[in-house]
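**Student:** Model the structure of this input:
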Amino acid sequence: MVSPVLNSGAVSVDAYFPAGKWFDLFNHTNSVTADSGKYIKLDAPADHINVHVREGNILTLQGEAMTTKEARRAAFHLLVVLSSNENSTGEVFLDDGESVEMGGEGKNWSLVRFCGGIVGDMAMVRSIIINGEYALSQEWIVSKVKFIGLEKTKGFKWYELQTPKETKTGNSGTVASFNSNGELGMLEMSGFSLSLGEEFKLEVKLSI
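**Tutor:** Numbers count the residues shown, from 1 in each chain. Here you go, the predicted structure:
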């Protein structure tokens with residue numbers, strides 16, 4: 001959700017937030033919680049755009065590049081926004097950028113759905129592939145997975161990654177950040193090379 005500044009010279013904006021917990025897309029430590037829909041005044045400096053993502057969503061983000069062609073080859077990152085009240089879901093549709101019809105009879109497209117959540121001391125995200133051949137042919141990969149929205153969690157123990165080729169357990173390449181209460185707020189795992197054309201499941205063991 002984008003909360004744009006519409007008045008020239010303004011340094012704040014009154015943004016409407018529907019019910020739920022919303023995280024700043026560029027600074028995950030900043031969040032807004034609304035029990036019901038309400039307006040909240042946000043700082044709006046010239047070098048910052050207020051973009052928020054609601055709990056229960058999974059975003060597929062892509063790395064930066066200098067050209068469109070290079071950007072299409074950049075690795076993807078998953079942002080899993082956990083919720084204590086609901087499961088997290090998201091999807092990404094990928095095609096050749098030229099076909100007129102989305103998901104038509106041709107094979108130049110792939111659809112990947114994601115689902116995740118947290119149960120007890122385990123956080124999880126998995127993919128479901130529809131027509132994965134095109135994603136495989138383009139060699140698109142997920143190189144990083146980030147979990148935010150962790151609550152009442154003291155730390156991280158290990159992760160288990162299941163793919164069609166192998167099951168891997170470890171904790172390397174993991175970065176954790178903690179809030180002012182000493183609780184785990186964000187967990188980022190990098191160094192992956194997960195094909196978007198193949199299903200995978202990532203489970204994370206937490207310290208409660």
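**Student:** Just want the most central residue of the chain.
**Tutor:** Most central in the chain under CA atoms, centre = their mean is residue 79, positioned 1.5 Å from the mean C-alpha point.
**Student:** What residues does that residue make contact with?
**Tutor:** Going by CB atoms under 8 Å, 6 or more residues apart in numbering, residue 79 touches 53, 58, 59, 61, 146, 148. Every C-beta, even on glycine, is put in place using the N, C-alpha and C of the backbone.
**Student:** Mind picking the two most distant members of these?
**Tutor:** By the measure CB to CB, 61 and 148 form the most distant pair in these, at 12.6 Å.
**Student:** neighbour-wise, which of those two wins?
**Tutor:** More crowded of residue 61 and residue 148, by other CB atoms under 10 Å: residue 148, with 19 against 14.
**Student:** Hmm, residue 22 and that one touching each other?
**Tutor:** No - the criterion here is CB atoms under 8 Å, and residue 148 misses it with residue 22 at 11.3 Å.
**Student:** So which bits of the helix or strand where the residue nearest to the centre of the chain lies are buried?
**Tutor:** For residue 79, the element it lies in under DSSP states H and E is strand 76-81. Residues of strand 76-81 classed as buried: 76, 77, 78, 79, 80, 81 (neighbour count, 16 or more other CB atoms under 10 Å).
**Student:** need the helix or strand of the protein with the lowest average pLDDT.
**Tutor:** Least confident element among the helices and strands of the chain, by mean pLDDT, DSSP states H and E: helix 68-73 (a mean of 80).
**Student:** Give me the contact list for that helix.
**Tutor:** Residues from elsewhere that reach helix 68-73 (CB under 8 Å, 6+ apart): 62, 63, 64, 65, 97, 138.
**Student:** quick one, what contacts the last one?
**Tutor:** Which is residue 138. Residue 138 is in contact with 72, 94, counting by CB under 8 Å, 6+ apart.
**Student:** Phi, psi for it please.
**Tutor:** Backbone dihedrals for residue 138, given as degrees, to the nearest 10, come out at phi -90, psi -10.
**Student:** Can you give me the distance of it to residue 73?
**Tutor:** Residue 138 is 8 Å from residue 73, where distance means CB to CB, to the nearest Å.
**Student:** Only the buried residues of stretch 183-196, if you could.
**Tutor:** The neighbour-count check on stretch 183-196 (16+ other CB under 10 Å) flags 184, 185, 186, 187, 188, 189, 192, 194, 195, 196 as buried.
**Student:** Next step: those restricted to strands.
**Tutor:** 184, 185, 186, 187, 188, 189, 192, 194, 195 (DSSP state E).
**Student:** Report the contact partners of the residue nearest to residue 155 when sequence neighbours are not counted.
**Tutor:** Excluding the flanking residues, the one nearest residue 155 by CB to CB, 6 or more residues apart in numbering is residue 207, at 3.9 Å. Going by CB under 8 Å, 6+ apart, residue 207 touches 121, 153, 154, 155, 156, 157, 184.
**Student:** Can you lay out those residues as JSON lines showing pLDDT?
**Tutor:** JSON lines is the format used below for the contacts of residue 207 (pLDDT from 0 to 100):
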{"residue": "121", "pLDDT": "92"}
{"residue": "153", "pLDDT": "88"}
{"residue": "154", "pLDDT": "88"}
{"residue": "155", "pLDDT": "90"}
{"residue": "156", "pLDDT": "91"}
{"residue": "157", "pLDDT": "93"}
{"residue": "184", "pLDDT": "86"}
